[in-house]
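*Asks:* I need the structure of the sequence given here:
(one chain, ligands or ions: 1)
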Amino acid sequence: MSFSLEVKEQLLRVNTSKNCCRQAEFLAFLRMCGNVSLAGGGRFGLLATTGSPGVARRYFKLVKELWGLRSEILMRDSQHFNKSRIYTLRIPPQDEVRQVLDLLAKIPDGNPWNAGQDIGRVTTLREVFASECCRRAYLRGAFLGSGFVSDPHRAYHLEIVCQDIYQAHFLLALTAEYQLNLKISERKGRFLVYGKGGEQISDFLNIIGAHGALLELENVRVIKDTSNNVNRIINCDTANTDKAVEAAQRQVKAINRLVEAGRLSGLSKSLQETAAIRLENPELPLAELKELFDKPISKAGLYHRLQKLEKLADELI
Ligand SMILES: [Zn+2]
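*Replies:* Predicted structure coming up:
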């Protein structure tokens, strides 16, 4: 399975219980892959295509639960050489579609019906999604719709294909909040939002909730970037015992917070193992702690996992 597909599979397992986030995620998917179809009597339908049956099923279920919309999934073979299948989520014209369109109208686009919008307006994205959870969900939906991330062993490349420049700027504004510094380029009349840094991609995966893929990427990064900051920080850490003790206390605190929030069981095996070993040995320096693992792990790798745990704990509100 490609890394990109792996990320998407993981995202399909992200269960957002909040309706605000589910709406945001679906709106993004529609903006990336969807179209409005017109029917008589001022009624509208929706169509959205994807190469993933899992994505189609996710939104089939979602529109039913959120708005009571009837829909169907149509399947056909692509005309391309690779003969991949294309899945269309078809929501036939029905009154409830109006609710989706009203929400959709809040998001800037190139639609002449929504005249008066300009790119500058995108900076007020908090008007569109007041909560951070929804802004993250929107990015997740956009990636599920038309995102791609290359195998980190080969290259660090992330992109999301947008149907218009407004969408591209909207995504850029959303990611700017996390200092992601993505860029836009045009390809065959479509607009790509892309990033090329390992750290950028790692942060992006974290934002959209692909934590397993994030760890995989981080492992590759640790191996690849031998002279990166991580090693420098570790050296500083071990040179100064006080600092190391302080760091260990911070780690234990973070792990306890994850445990209390019930988040630990959802994490990868390696992270769970790391958390358990740290909790049992709250004072052990990294050099000794790493010896307690079944599978050999480097000090840098261990440090990275502990940092991940802290980062995840920081994200709990
Ligand atoms: Zn939300």
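*Asks:* Not counting the helix ranked longest in the chain itself, show me its contacts.
*Replies:* If you go by DSSP state H, the chain has its longest helix at helix 241-260. Outside helix 241-260, the residues that touch it by C-beta atoms under 8 Å, 6 or more residues apart in numbering are 236-238, 264, 267, 275, 278-279, 282-286, 306, 309-310, 312-314, 316. Glycine gets a C-beta too; all of them are placed from N, C-alpha and C.
*Asks:* Quick one: buried ones out of those residues?
*Replies:* Buried subset of these (neighbour count, 16 or more other C-beta atoms under 10 Å): 237, 264, 267, 275, 278, 284-286, 306, 309-310, 312-313.
*Asks:* Just those: which are in helices?
*Replies:* D237, A275, R278, L286, L306, L309, E310, L312, A313.
*Asks:* Tell me the one of these nearest F129?
*Replies:* Taking C-beta to C-beta as the measure, L312 is the one of those closest to F129, at 22.2 Å.
*Asks:* per-residue pLDDT, the closest one?
*Replies:* For L312, the pLDDT comes out at 92.
*Asks:* Isn't it up against R263?
*Replies:* Yes. Contact criterion C-beta atoms under 8 Å: L312 and R263 qualify, at 6.8 Å.
*Asks:* Report the central residue of this structure.
*Replies:* I208 (2.0 Å; C-alpha atoms, centre = their mean).
*Asks:* Now the residue lying closest to that one once chain neighbours are set aside: phi and psi?
*Replies:* Leaving out its chain neighbours, the residue that sits closest to I208 by C-beta to C-beta, 6 or more residues apart in numbering is R140, at 4.1 Å. The phi/psi pair for R140 (degrees, to the nearest 10) reads phi -60, psi -50.
*Asks:* so how far is G147 from R140?
*Replies:* Taking C-beta to C-beta, to the nearest Å as the measure, R140 falls 9 Å from G147.
*Asks:* tell me which helix or strand of this structure sits lowest on mean pLDDT?
*Replies:* helix 229-239 (a mean of 58; mean pLDDT, DSSP states H and E).
*Asks:* got the contact list for Y178?
*Replies:* Applying C-beta under 8 Å, 6+ apart, the residues near Y178 are D203, I207.
*Asks:* What helix or strand is it located in?
*Replies:* In the assignment (DSSP states H and E), Y178 maps to no helix and no strand.
*Asks:* So for it, what's the pLDDT?
*Replies:* Reading off the model, Y178 has pLDDT 86.
*Asks:* and what of V252?
*Replies:* 92.
*Asks:* Then A115?
*Replies:* 40.
*Asks:* how many other residues sit next to H80?
*Replies:* 8 (other C-beta atoms under 10 Å).
*Asks:* that's a strand at it, yeah?
*Replies:* No. Applying DSSP: H, G, I helix; E, B strand; the rest coil, one finds H80 to be coil, outside a strand.
*Asks:* And it, how far from the ion?
*Replies:* Computed as C-beta to the ion, to the nearest Å, the H80 to the ion distance reads 36 Å.
*Asks:* Repeat that for G195.
*Replies:* 24 Å.
*Asks:* show me where the stretch 101-250 of the chain has helices.
*Replies:* Along the stretch 101-250 of the chain, the segments classed as helices by DSSP state H, counting those that start in this stretch run 125-128, 132-146, 165-176, 198-208, 211-224, 229-239, 241-260.
*Asks:* Out of those, which one sits most buried?
*Replies:* helix 132-146 (a mean of 24; mean count of other C-beta atoms under 10 Å).
*Asks:* Could you grab the helix/strand/coil label for the residue sitting furthest away from the middle of the chain?
*Replies:* Farthest-out residue of the chain from its mean C-alpha position, per C-alpha atoms, centre = their mean: G41, at 38.7 Å. Going by three-state DSSP, the secondary structure assigned to G41 is coil.
*Asks:* ok so, going back, I'd guessed the residue nearest to I208 sits against G209; true?
*Replies:* Yes. The pair R140 / G209 is scored as a contact, 6.1 Å apart, by C-beta under 8 Å.
*Asks:* what residues are shared contacts of the two?
*Replies:* Joint contacts of R140 and G209 (C-beta under 8 Å, 6+ apart) are L11, V14.
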